[in-house]
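1. Predicted coordinates and the sequence they were generated for:
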Amino acid sequence: MFYKDERLALFIDGSNLYAAAKALEFDIDYKLLRQEFMRRGKMLRAFYYTALLENDDYSPIRPLVDWLNYNGFTMVTKTAKEYTDSQGRRKVKGNMDIELAVNAMELAPHVDHIVLFSGDGDFRPLVESLQRQGVRVSVVSTIRSQPPMISDDLRRQADNFIELEELRDAVGRPPRPVPTERVDFDG
C-alpha cells in the first residue's frame, strides 16, 4: 500500500531486477517504472546499482546506464571483476549489496517508504533495520518464475511484496533479442 503524501525512494538491484524480468520474459521500461512510482508517492530518489566491466570498449549495459543517468536515476556503479571458473566459463563478480545497504541506511531518516527491487535474501537484515527506524519497505520481485526469484525470508520481512508480473502492463515491454555472448554475473 502506498500513500500519496509519503516520501518514497527506489533502490534497484540492477542485475537482480534484470534476471527477474528476464525469467518472466519481459524487459523493464525504466521511464514507465519511474512514472509509476512517482504516481504512488513523493519520490525523492531512484537509485540503480550495477557493476560494469573494466576495459570493455562496449558494454551492453552502457547505453542503459547512460540513459538512466540522464533521466532522473542516481547511478551507483563499480568495476566488476572478471574471472574464469573451474569449468572454463567466463564469470563476472560485481556485488553491489553493501553500496545499496549503506545508501538505504543514510536515506532512511528522510523517507517514509523504500521500495527495494531485489529478491536477494541478504537484504533481510537491511529491511528489518529500516523498519526499526520507522520506514515502510516494499519489495519487488517474483514468485511466479521457476525457481522463484525472491527469498522467502525477505518476502516475509517486507511490509509489502509486489509481484513483478503484476507490474508488467505498467512498466514492461517485450524482451529484446538476446546477445550471442553470455556472461554470468556472480553477485
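-> Happy to help now that I have it.
2. I figured Thr142 was touching Glu163, is that so?
-> Yes. Applying Cβ atoms under 8 Å, one finds Thr142 in contact with Glu163, separated by 6.1 Å. C-beta: built from backbone N, CA, C; applies to glycine.
3. neighbour count winner among the two?
-> A count of neighbours by other Cβ atoms under 10 Å puts Thr142 above the other of Thr142 and Glu163, at 22 against 14.
4. Check the gap between the more buried one and Thr50 for me.
-> Thr142 sits at a distance of 19 Å from Thr50 (criterion: Cβ to Cβ, to the nearest Å).
5. and if you look at Asp29?
-> As it turns out, when the distance is counted by Cβ to Cβ, Asp29 lies 17 Å from Thr50.
6. isn't Gln155 right next to Phe161, touching?
-> Small correction: residue 155 is Arg, not Gln. Yes. The pair Arg155 and Phe161 qualifies as a contact (Cβ under 8 Å) at a distance of 5.0 Å.
7. Using neighbour counts, pick out the buried residues of the strand or helix carrying Arg39.
-> Arg39 is located in helix 30-40, with elements delineated by DSSP states H and E. With burial defined by 16 or more other Cβ atoms under 10 Å, the residues of helix 30-40 counted as buried are 30, 33-34, 37, 40.
8. Make TSV out of those residues and add distance to Val111 and pLDDT.
-> Converted to TSV, the buried residues of helix 30-40 look like this (distance: Cβ to Cβ, whole Å; pLDDT from 0 to 100):
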residue	distance to Val111	pLDDT
Tyr30	20	97
Leu33	18	97
Arg34	16	96
Phe37	12	97
Arg40	13	96
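9. Brilliant, that's me finished.
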